[in-house]
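[1] when you get a sec, could you give me coordinates for this:
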Amino acid sequence: MNATFGGSGPGGTLSTETRVLRLDDVRSVYWRRPTPYTADVAMPEQAARWAVEETRYGLGGVLASLPGAHYVNHPWRNRDAEYKPAQLATAEGCGFTVPPTLITNDPGQARAFAADQERVIYKPLRETEYTGANGSALTVWMTTSHLNSSTAACATPLTSSSSGWPRRPMSA
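    Here you go, the predicted structure:
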């Protein structure tokens, strides 16, 4: 990518292996969980982290600033929507039914919440590359053994699933 500013908006080009696109020709941007950026494996760890962040902010900033472009998930709105508590509050504010939900780092509160609900499911607060031992996402039905483990219940966003969703248990 080569982006220039200081004229009539962003100029420059965005290149892939198969084509070159002029930034002032971009009319639409689809932004939905892009593949994470990576740095050269030969780079020292701190320099690699810096390069990854600079790439994310550079490309994301340029794509977010294209005048007149139509966005499907504008990078800033997509980022804003990634906060699960904000999602729940927005859904509730729009009139959607939100199941009883607890976000806690207190194992006792997690156990008490689970005891009051018919079924309880754990969902991460954000999209993450972290998965279970079998590679599956960490959306799991909570069992008594989960809730009796001090490590498993220490940072637990729990949602009651008494509404019947999801229809089948997810594997742990």
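
[2] I'd guessed residue 4 sits against residue 24; true?
    No. Checked against C-beta atoms under 8 Å, the pair residue 4 and residue 24 is beyond contact range at 10.2 Å. C-beta here means a position set from N, CA and C on the backbone, and glycine is covered the same way.

[3] now do the shared contacts for those two.
    10, 11 (C-beta atoms under 8 Å, 6 or more residues apart in numbering).

[4] so between the two, which is more surrounded?
    In this view residue 4 and residue 24 are compared by other C-beta atoms under 10 Å, and residue 24 has more residues nearby, 16 against 12.

[5] which residues does the more buried one contact?
    Residues near residue 24 by C-beta under 8 Å, 6+ apart: 9, 10, 11.

[6] would it count as being in a helix?
    Yes. Using DSSP: H, G, I helix; E, B strand; the rest coil, the assignment for residue 24 is a helix.

[7] which pLDDT value belongs to it?
    Listed pLDDT for residue 24 reads 88.

[8] which residue ranges form the strands in this structure?
    When secondary structure is read from DSSP state E, the chain shows strands at 2-4, 11-15, 20-22, 28-30, 70-72, 101-104, 120-122, 140-141, 156-160.
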